[in-house]
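no sequence for this one, just the structure:
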């Protein structure tokens, strides 16, 4: 994320005006704004694959999957844009910003070299401030790797990892399964060395 240089912290109204005027998505953290990085074709394909799989699996349930256009409020003055999110039940928001959802149960990020450290660290920390948040999924785009962090009944985070394209990822927060090969459908992996 690239921080814009401003002389002062922006109000929420100024932040929203900036997004309207520049047609760019920004994350907002206590008055500081950060431009969102553009994604690769692979990033976009994986996000669409995940969203489509979620929507099919959620049919008939009171939950809906949203793409990266949905702004998430991690608190009253912090707003981010995950790659994919799921909200169950009625959408909730804070009074300060009505079009920022405050009750996601599942959030999915597609990793990139530029955002991986943030997605694993600060962003995950912010997501954990959301009361309804129960599951976090990180998807690698360079090779098959899906990492799932799930909050158990004792409010402790459990970690599971999937690397085999025949694996089935169980998303406990919404009680559905997604095959790894569906997540990576159409993705051509190049050779990668650790």
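Received the coordinates, thanks. Please read all numbers here as calculations on a predicted model, not as lab measurements.

so residue 133 is in contact with residue 150, correct?
No. In this structure, residue 133 is not within contact of residue 150 by CB atoms under 8 Å, at 10.6 Å. In this view, the C-beta of every residue, glycine as well, is placed from N, C-alpha and C.

neighbour count: these two, which is higher?
residue 133 (22 against 18; other CB atoms under 10 Å).

surely that one is in a strand?
No. According to DSSP: H, G, I helix; E, B strand; the rest coil, the state of residue 133 is coil, so it is not within a strand.

confirm that residue 125 sits in a helix.
Yes. Counting by three-state DSSP, residue 125 is located in a helix.

and it, how many residues sit next to it?
Residues near residue 125, counting by other CB under 10 Å: 10.

from residue 88, how far off is it?
23 Å (CB to CB, to the nearest Å).

with residue 34 instead?
For residue 34 relative to residue 88 (CB to CB), the value is 28 Å.

contacts only, for the most centrally placed residue in the chain.
Closest to where the C-alpha atoms of the chain average out (CA atoms, centre = their mean) is residue 82, at 2.8 Å. Listed by CB atoms under 8 Å, 6 or more residues apart in numbering, the contact set of residue 82 reads 68, 70, 72, 104, 107-109, 127.

now with 7 Å, please.
68, 72, 107-109 (CB atoms under 7 Å, 6 or more residues apart in numbering).

swap in residue 169?
146, 148, 162, 177-178, 180.

restricted to strands, list the contacts of residue 82.
72, 107-109 (DSSP state E).

nearest to residue 8 among the contacts of residue 82?
residue 72 (24.9 Å; CB to CB).

pull out the buried residues from stretch 49-69.
Within stretch 49-69, the residues that count as buried by 16 or more other CB atoms under 10 Å are 49-51, 53-54, 57-58, 63-66, 68.

nope, stretch 8-18 is what I was after
For stretch 8-18, burial by neighbour count (16+ other CB under 10 Å) applies to 10, 12, 15-16, 18.

what of stretch 123-138?
Buried residues in stretch 123-138, counted by 16+ other CB under 10 Å: 123-124, 126-127, 130, 133-138.

show residues contacting that stretch.
Stretch 123-138 is contacted from outside by 74-75, 78, 80, 102-109, 111, 119-120, 146-151, 171-173, using CB under 7 Å, 6+ apart.

re the thing from before, buried among the contacts of residue 169? Make that a ChimeraX selection.
Applying 16+ other CB under 10 Å to those, the buried members can be selected in ChimeraX as follows:
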select :146,148,162,178,180
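
which of the contacts of residue 169 fall in strands?
Judged by DSSP E, the subset of the contacts of residue 169 located in strands is 146, 148, 162, 177-178.
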